[in-house]
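A.B. asks: Structure, please.
(2 chains)
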Amino acid sequence: MPTYAYILVSLALFFIGTSGVLLRRNVLIVLMSVELQLAAGTLALLAFSRALGDQKGHVFAVFVIALAAAEAAVGLAIVVSVFRTRRTANLDEVNVLKG
Amino acid sequence: MFSHLRIIPLLPLLGAAYLILFGRHHSRRVVHHIACMAVGAALVVSADAFFLGLPRFVGAGGLTDVVGTWFASGDLRVEMALRMDALSGLMCLVVTFVGTLIHVYSTGYMAHDQDYARFFAYLNLFCGAMLLLVLGDSLPVMFVGWEGVGLCSYLLIGFWYGETANASAGKKAFITNRVGDLGFLIGMFLLFRAVGTLDIPALLDTARAGSATLTATLWWGQPVAFWAALFLFLGAAGKSAQIPLYVWLPDAMAGPTPVSALIHAATMVTAGVYMVARLGAIYLLAPAALAIVAGVGALTALFAAVIAFGQNDIKKVLAYSTVSQLGFMFVGVGTGNFAGGIFHLFTHAFFKAGLFLCAGSVMHALAGSGDITRMGGLAGKLPWTTWVFRVCWLAICGVPVFSGFFSKDAIVAGAFATEVFGPRLAWVGPTVGAGLLAAALGTAFYMSRLYYLVFTGECRADPRAPLHESPIEMVGPLVGLGLGALLAGFVDLPSAVGGSHGGLLGRWLAPAVGPALEVSGGLEWSVMATSTAIALAGIGLAWLFFGGGTREPARRFVVALPRLVAVVRGKFFVDEIYHELVVRPLRGLSRALFVAVDRLLIDRVLVGGWAVLVDTTGRFLRFLQVGDVQRYLAVFAIGLAALVYVMARPAAPSEVKIRIDGRSAVVELADREAAAGKLDYGFDFDGDGREDRFGPIPSATWSYARPGRYQLHIRITDPQWSTTRTLDRTIDIR
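C.D. replies: Next up is the predicted model:
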């Protein structure tokens, strides 16, 4: 398959992820959307890596996966903590930091 | 050559510095020992320089001491230089001698005051500043002393600052003097612009040579010398309390009496006279300025004497008397009779300081009251004070043999004999002379009134007052000054009474201020006779009115002319007139500026405006801070998209310039977007699909083999973003 096909998929994934991050209200869904964005980035890296015949892209893809795991751990920990104190996982209701 | 003149002002200045810093920690004994020793030592050093060092050099401009260059800027170079010549040496001696006596007197007078150390610190500071003023060899150095004595005057007038009246009297003195100081500065600037130096000897040499720099017309047909002299005289009028700036001196009596004696009678207020005498050569170039000096002096002498008639405070009478006597001195220097003016300054320092110290002694005995209507009959109670007062009184009245007689006559005779005014202004001399004779009558009258009301008749004082003669440390200086008042006149006897030509003082001062005025023997005799008659008439008239207390004629006079008496008692309402003409408009202006500029422009707009701006902006911006993470992210995403667009958008179209020269074509791209070297260019001149020229340079040249029409393809590549743009043009070669 040509590279642009991968890139198109990557773009689609990224926009779906972004929409989820921006529009969904549930923290868990937002976190999952972030994972989608990261997956889109990983896909783009791998596609270009294949197109250019360069293994560096693979290396970075592994890094991104590791990063995503760490992010998920920290994010979930925050979500749990927020839920414990505020009894909600709804982002609309977590808005104390305002002027 | 004696080159340690700097010690003279330095001693009191060091004393002042020490007392200000550490005076509080010492006992009164230590404080006054330090203060008196500092001035006493300055007296010894001055006397040493004056009597032992100076006589050999007096003809050669005196002794000098250059401490170093004070500042240099462009053409202006000011040395921190001191000079003791015949004139400044005499002043130096007067200042340190009277200063020492008054320091000693103060140890008694101020014995019970709380701020003992502060008082002596200021007094020392004053002596230092005054000596700097006197010895300064250039106008800026003189000005430092000039301002220094003004500062001390302010500090000491308001010494008892607990009472508002005293503090405002200090402010009045200071502010009035600022007006004069402005004149001094302008005079200084004019002299510098004309002559290019501020060193007094250089200025005087220029003036004596009659240099065109000083005689050139400046404004309104008058020469530079006139304007410089006039503005300097404004300074002198401020410092020496002449019309129109005399109003501060009577109020200055709010200070302790030794201060009145030292600063506001004997030394500081004579600085103006000294300055005019010092710069006499400049004044001699401008007879009109001299006439103004003499006229103002005579007018002040007469005016202040009249005001003194109606004053009931012992110090106020003496203050107006000082203003009047300073007027005499200005007539002396204003008629070119510099030696005469300085002579009167010299004798006045003794008898007026003596009178003030007597007044202080009287007030000391009456627990601080200076109201002469509540005195009387003190002669028996205060024998020493009375005797000294009598001597000084006769001296200021101008009774023969006493010092004031000789010095006053020297001025009056000089006024009649002077020829400095030239033919057109010749009337000035006799006019001011006649004015002075009238003022002398007034002087004799008000001084005798003071004497009779204070020392003769029934005692009207509060019977509970602790009437006693003052302690020895007060009486001692009194006697010293009394002897001075008695004998000081003999330093300059008129030639008619055995003094050789010009008198001792006149001859001594000649190198500094020019030869003494020539007065014919006949004139001298007639002036002496007239002034003696006038003095006795004044004393007799006062006896008639006030001998042994206020008498019937005085009461009848008050009843007969109530308006006149009210005007004189009200000091001609000069203070009130100034208040209406100067103070109130100034206050109104200040108030308007305060409201318009300070409150509205600065407070509201410039200071408050920023607060309002920030506050309002914040009010609107806070709607962006809703605390909703997703909204922040949306904004972030939009911003990021915009950033990416800006950075990745295609480069702007370039301008293509094609020059055809024969068969060769030069193509230049004016690329405004990217700096040279960032982009890669390719040129296909003949449209065959191969680039003929390429590289990072946005121009290329190509020679065609044949004429014809060619397609030009230009490629512009941005290697960073791998974007490529192409431009097509047509080239016609003939």
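A.B. asks: Contacts only, for residue B:544.
C.D. replies: B:551, B:553 (C-beta atoms under 8 Å, 6 or more residues apart in numbering or on different chains). Every residue, glycine included, has its C-beta placed from N, CA and C.
A.B. asks: Correct me if wrong, but it is in a helix.
C.D. replies: Yes - read with DSSP: H, G, I helix; E, B strand; the rest coil, residue B:544 is one of the residues of a helix.
A.B. asks: Next one, pLDDT for it please.
C.D. replies: You'll see residue B:544 listed with a pLDDT of 86.
A.B. asks: Who are the contact partners of residue B:37?
C.D. replies: residue B:15 are the contacts of residue B:37 under C-beta under 8 Å, 6+ apart.
A.B. asks: what is the rounded mean pLDDT of stretch B:301-310?
C.D. replies: Stretch B:301-310 shows a mean pLDDT of 90.
A.B. asks: Just to be sure, residue B:83 is in a strand?
C.D. replies: Yes - assessed with three-state DSSP, residue B:83 lies in a strand.
A.B. asks: Which helix in the chain has the most residues?
C.D. replies: Using chain A. Counting residues, the longest helix found in chain A (DSSP state H) is helix A:56-86.
A.B. asks: right idea, wrong chain: chain B
C.D. replies: Assigned via DSSP H, chain B shows its longest helix as helix B:164-195.
A.B. asks: Who are the packing partners of it?
C.D. replies: On a contact count with 3 or more C-beta pairs under 8 Å, 6 or more residues apart in numbering or on different chains; DSSP states H and E, helix B:164-195 meets helix B:139-157, helix B:200-208, helix B:212-215, helix B:224-239, helix B:248-251.
A.B. asks: Could you list the contact residues of chain A toward chain B?
C.D. replies: A:18, A:21-23, A:30, A:91-92, A:94-99 (C-beta under 8 Å from any C-beta of the partner chain).
A.B. asks: Would you mind giving those residues as TSV with distance to residue B:287 and secondary structure added?
C.D. replies: Shown next, in TSV, are the residues of chain A next to chain B (distance: C-beta to C-beta, whole Å; DSSP: H, G, I helix; E, B strand; the rest coil):
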residue	distance to residue B:287	secondary structure
A:18	98	helix
A:21	98	helix
A:22	96	helix
A:23	100	helix
A:30	100	helix
A:91	98	helix
A:92	98	helix
A:94	96	coil
A:95	91	coil
A:96	90	coil
A:97	87	coil
A:98	86	coil
A:99	80	coil
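A.B. asks: Buried only: go through those for me.
C.D. replies: Using 16 or more other C-beta atoms under 10 Å in any protein chain shown as the burial test, the residues of chain A next to chain B include A:18, A:21-22, A:30, A:91, A:94 as buried.
A.B. asks: Rebuild those residues as JSON lines, extending it with pLDDT.
C.D. replies: Listed next are these as JSON lines, based on pLDDT from 0 to 100:
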{"residue": "A:18", "pLDDT": "92"}
{"residue": "A:21", "pLDDT": "90"}
{"residue": "A:22", "pLDDT": "89"}
{"residue": "A:30", "pLDDT": "91"}
{"residue": "A:91", "pLDDT": "82"}
{"residue": "A:94", "pLDDT": "81"}
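A.B. asks: Now for these: which two are most distant?
C.D. replies: Across these, no pair lies farther apart than A:18 and A:94, at 20.0 Å, counting by C-beta to C-beta.
A.B. asks: I figured residue B:273 hits residue B:345, correct?
C.D. replies: Yes - assessed by C-beta atoms under 8 Å, residue B:273 is found in contact with residue B:345 at 5.4 Å.
A.B. asks: what sits in contact with each of these two?
C.D. replies: Both residue B:273 and residue B:345 are in contact with residue B:329, where contact means C-beta under 8 Å, 6+ apart.
A.B. asks: any idea which helix or strand carries residue B:688?
C.D. replies: Counting by DSSP states H and E, there is no helix or strand that carries residue B:688.
A.B. asks: for residue B:681, same thing?
C.D. replies: strand B:680-684.
A.B. asks: How about the residue nearest the centre of chain B, nearest residue that isn't a chain neighbour?
C.D. replies: The residue lying closest to the centre of chain B (C-alpha atoms, centre = their mean) is residue B:181, at 3.6 Å. Nearest residue to residue B:181, sequence neighbours excluded (C-beta to C-beta, 6 or more residues apart in numbering or on different chains): residue B:235, at 6.0 Å.
A.B. asks: and that neighbour, what does it touch?
C.D. replies: Residue B:235 touches B:146, B:180-185, B:187, B:272, B:275, counting by C-beta under 8 Å, 6+ apart.
A.B. asks: And residue B:151, by the same measure?
C.D. replies: So residue B:151 contacts B:125, B:129, B:174 (C-beta under 8 Å, 6+ apart).
A.B. asks: any idea how far it is from residue B:252?
C.D. replies: Residue B:151 sits 14 Å away from residue B:252, going by C-beta to C-beta, to the nearest Å.
A.B. asks: Residue B:19 now?
C.D. replies: Distance, residue B:19 to residue B:252, using C-beta to C-beta: 22 Å.
A.B. asks: Who has more neighbours out of these two?
C.D. replies: Counting neighbours by other C-beta atoms under 10 Å in any protein chain shown for residue B:19 and for residue B:252 shows that residue B:252 has the greater number, 30 against 27.
A.B. asks: State the distance from that one to chain A.
C.D. replies: Residue B:252 sits 63 Å away from chain A, going by C-beta to the nearest C-beta, to the nearest Å.
A.B. asks: Repeat that for residue B:251.
C.D. replies: Relative to chain A, and taking C-beta to the nearest C-beta, residue B:251 is found at 61 Å.
A.B. asks: Just give me the neighbour total for that residue.
C.D. replies: Number of residues near residue B:251 (other C-beta under 10 Å) recorded here: 21.
A.B. asks: does residue B:715 sit in a helix, a strand or a coil?
C.D. replies: Three-state assignment for residue B:715 (three-state DSSP): strand.
A.B. asks: what's near enough to touch it?
C.D. replies: Applying C-beta under 8 Å, 6+ apart, the residues contacting residue B:715 are B:681-684, B:691, B:694, B:724-726.
A.B. asks: In a markdown table: those residues, plus distance to residue B:525.
C.D. replies: A markdown table is the format used below for those (distance: C-beta to C-beta, whole Å):
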| residue | distance to residue B:525 |
| --- | --- |
| B:681 | 114 |
| B:682 | 120 |
| B:683 | 118 |
| B:684 | 123 |
| B:691 | 123 |
| B:694 | 119 |
| B:724 | 120 |
| B:725 | 116 |
| B:726 | 121 |
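A.B. asks: Selection in PyMOL covering whichever of those residues are buried, please.
C.D. replies: In PyMOL, a selection of the buried entries from the contacts of residue B:715 looks like this (16+ other C-beta under 10 Å):
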select buried, chain B and resi 681+682+683+684+691
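A.B. asks: quick one: which of the contacts of residue B:715 is nearest chain A?
C.D. replies: residue B:724 (18.0 Å; C-beta to the nearest C-beta).
A.B. asks: Find the nearest non-adjacent residue to the closest one, please.
C.D. replies: Per C-beta to C-beta, 6+ apart, closest to residue B:724 is residue B:717, 4.7 Å.
A.B. asks: Burial check on the one you found, number of neighbours?
C.D. replies: 17.
A.B. asks: How about residue B:353?
C.D. replies: 31.
A.B. asks: okay, and for chain B, where does confidence drop off?
C.D. replies: Within chain B, the stretches with pLDDT under 70 are B:1-3, B:495-502, B:649-654, B:671-677, B:720-721.
A.B. asks: Which single residue in it comes nearest to chain A?
C.D. replies: residue B:627 (3.2 Å).
A.B. asks: wait, isn't that residue in contact with residue A:95?
C.D. replies: Yes - counting by C-beta under 8 Å, residue A:95 is a contact partner of residue B:627 at 3.3 Å.
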